[in-house]
Every structure is written in C-alpha cells, then in structure tokens.
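K.L.:
Sequence plus predicted model, see below.
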Amino acid sequence: MTPDDPLPYRAEPLTIGPAQLRSWTAQAQGIVIALDGPCPRCAHPAPNREPLQTVSFELRTAAPERTRTAALQCTCQQPHPGRPPGLTQGCGSSWTVVIGSESDGSLTLSVPEPGPESQLLADAAQALRQATPTQLADMRTAGEKWIAGITALYGLIGFAGVTGARDALVNLSTGWQVAVAVVLLIAVGLAGLAIYWAYQAAYGWPKTRPVRDDEELVAWYEAQLAAPERAASYLRQAVRYAAVSLAALVVLTGIIWFAPQPAAPGFMRVTRAGGAIACGTLLSSAQPRVLLIQQVSGAVVAIPLAQVAGLSPVTGC
C-alpha cells in the first residue's frame, strides 16, 4: 500500500501493533502534544494534536512513570471516495495509543494492552476527544443562560420587596414585623437556591479538571457518565426549594393580611400649663384657638390653646 492508494472512506476503529507506531513521533509543544505519523490504514500523513489545556479541562504532560491514553484519527488531506459531505480530511480510521513520559521529559508512544481496562481507557479518550472541540461554545452558551438566571434572581428580590411593602408593615407590632422579616429572608434565600440548583441541573458549573494520566482520565469519564443522575438530583433539589419558598411567601402574605393590628388611638390627652390633665374625645370647635374635649363622663371642657402644654393621642382615658 502506498500513500496514494485511493482507499474508500470507512469509519472504523483500528487495532494497531507496535510496528505501526515506529514512524510516529510525539513532542510537547506549548499547550499541545504534537503526534505525527502516517495513518495505519491509508498511510497518508495524519498529524494529531492532543490538547494540554482546554476551556474546561487542563491537561498537562504526564509525569515520569505516568501514562495517558489518547484517541487518534486519520487527518490526511488526500481524497477518499465516499467521504461524507462536510468532512474535508481523513479516511475514517481511528485508533488508540498510550503516551508515556521519560525522566528526561521526552514522550513515548506504545500500543494499549488488550483487556477491559484498555477498552475503558479507549472509551474515555474518545469521549474526551469529542468533548474538547465544543467546550468554548458550551461555556459561552451556559454563560448566556446564567445571565438570565441572575436576572430572574434580581426580579425575585424585587417581587419580595413588593410583597413585604413598608406600607403594609408599618402598622404591625414589633414582634410581627420581626416575623415578617424572618419569613421574607427565608423565602428569598430558598428561591435563590432553587434558581441556582435549577441552572446547575440545566447547564452545570464550569470546572477545570486535570487529566494528566489514565487514572485522572477515567475519573473524568466516570464523572461524565454520572452527569445525568447528578443533574436529576440538582433538579429535585430545585423543586423542593421552590416549593418551600412558595410556602414561605404564602405564610408571609397571611401574616401581612391577618396579623392583629394595634388599635388606633381614639382619645386625646391634653396637658395644661399648670400640670392639669384633660382626657377625652377631641371635638370640633367654633371658637378660634380653643380646644373642645369631651371627657368620658360626658362633660365638655374648653381649653384655650395658650394653656396647652402638650397633646398626645391615647387609646383610653
């Protein structure tokens, strides 16, 4: 087979041997590992770049005695009959290699050992390869959605402020005002948690995870497999917090509507300049600068304003 063989495009994983890796090289170049060599199937040059750092993952060159399994694919520029529309490179072949690190910092390539563990590592490496190109778009999309969540949270705070309007609270006693403040704080806090967990379920939280060797690669892969159950747990928490927050707002409304209001002052206490006190109902007076007070006994007392030293509303005489 020569590099110019017009092999048809065929998407399939290859099982390769050590001989097919002899012409391959691996070298760390900044934030990528450059892997260069011919495709095991079509023999065309198929350079691959294994990222050392991505938007949500931070991959570093393996330390001595550590290995990293990497999923490679044919990236040749030669035409292959049957290549799907939209694809501009490759013959469809993919294969797995193990990247090792020597004590002098150089990198080595080897063939994975057969077995269940190697298959798990191959699946994890392939999942990482597929996830890496979309990380930037995913983070930007999540960022846009989180903006809406923050806006919703501020709207909730505004709604809570209207619910606990000052005019509705001013006539309550101190104890009931404290109760309203506590319930309002609980309602807003729980609603904020509900929004947070709902967005966690929908879009997650961006993290940087090291994937420096096979152990960390498997840990990342297992976290990806567990993501659906984790999202479901977040959603259940969001619903619980939202329900309790709604209940707290209902309690808050009930307090404002049905809390006992203090009795309005119905009498006036008048203190004269000499210290004498008259208490009763304030009547309208036809005489200028004179107060008319109807006492509890029914007697009406006229008090010139010049003799008034103090006035205070009271609930009883």
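P.N.:
Arrived safely.
K.L.:
Can you find which strand in this structure contains the most residues?
P.N.:
strand 93-101 (DSSP state E).
K.L.:
What lies in contact with the helix or strand hosting Gln294?
P.N.:
According to DSSP states H and E, Gln294 maps onto strand 290-295. By C-beta atoms under 8 Å, 6 or more residues apart in numbering, the surrounding residues in contact with strand 290-295 are 268, 270, 278-285, 300-305, 308, 317. For the C-beta atoms, the positions are set from N, CA and C on the backbone; glycine is no exception.
K.L.:
so of those, which ones are in helices?
P.N.:
Within those, no residue falls in helices by DSSP state H.
K.L.:
Can you turn the buried part of these into a ChimeraX selection?
P.N.:
Per 16 or more other C-beta atoms under 10 Å, the buried members of these correspond to this ChimeraX selection:
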select :268,270,278,279,280,303,317
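K.L.:
re the thing from before, just the buried residues of the strand holding Gln294, please?
P.N.:
Neighbour counts over strand 290-295 (16+ other C-beta under 10 Å) mark 291-294 as buried.
K.L.:
returning to what we had before: just the ones of the contacts of strand 290-295 in strands?
P.N.:
Within the contacts of strand 290-295, residues falling in strands by DSSP E are 268, 270, 278-283, 300-304, 308.
K.L.:
could you dump these to JSON lines with pLDDT and distance to Pro47?
P.N.:
Compiled in JSON lines, the ones in strands among the contacts of strand 290-295 are given as follows (pLDDT from 0 to 100; distance: C-beta to C-beta, whole Å):
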{"residue": "Met268", "pLDDT": "85", "distance to Pro47": "96"}
{"residue": "Val270", "pLDDT": "88", "distance to Pro47": "100"}
{"residue": "Ala278", "pLDDT": "88", "distance to Pro47": "103"}
{"residue": "Cys279", "pLDDT": "88", "distance to Pro47": "100"}
{"residue": "Gly280", "pLDDT": "88", "distance to Pro47": "102"}
{"residue": "Thr281", "pLDDT": "87", "distance to Pro47": "99"}
{"residue": "Leu282", "pLDDT": "85", "distance to Pro47": "97"}
{"residue": "Leu283", "pLDDT": "86", "distance to Pro47": "102"}
{"residue": "Val300", "pLDDT": "88", "distance to Pro47": "108"}
{"residue": "Val301", "pLDDT": "88", "distance to Pro47": "107"}
{"residue": "Ala302", "pLDDT": "89", "distance to Pro47": "108"}
{"residue": "Ile303", "pLDDT": "87", "distance to Pro47": "104"}
{"residue": "Pro304", "pLDDT": "88", "distance to Pro47": "106"}
{"residue": "Val308", "pLDDT": "87", "distance to Pro47": "100"}
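K.L.:
Can I get the helix or strand just after the longest strand of the chain as CSV, trimmed to CA atoms?
P.N.:
Note on strand 93-101: by DSSP H and E, the next helix or strand toward the C-terminus is strand 107-110. Extracted in CSV, the C-alpha atoms of strand 107-110 (Å, rounded to 0.1, in the frame of the first residue of the first chain):
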residue,chain,number,x,y,z
LEU,A,107,7.5,11.4,25.2
THR,A,108,7.0,7.8,24.0
LEU,A,109,4.2,6.0,22.2
SER,A,110,3.0,2.5,22.7
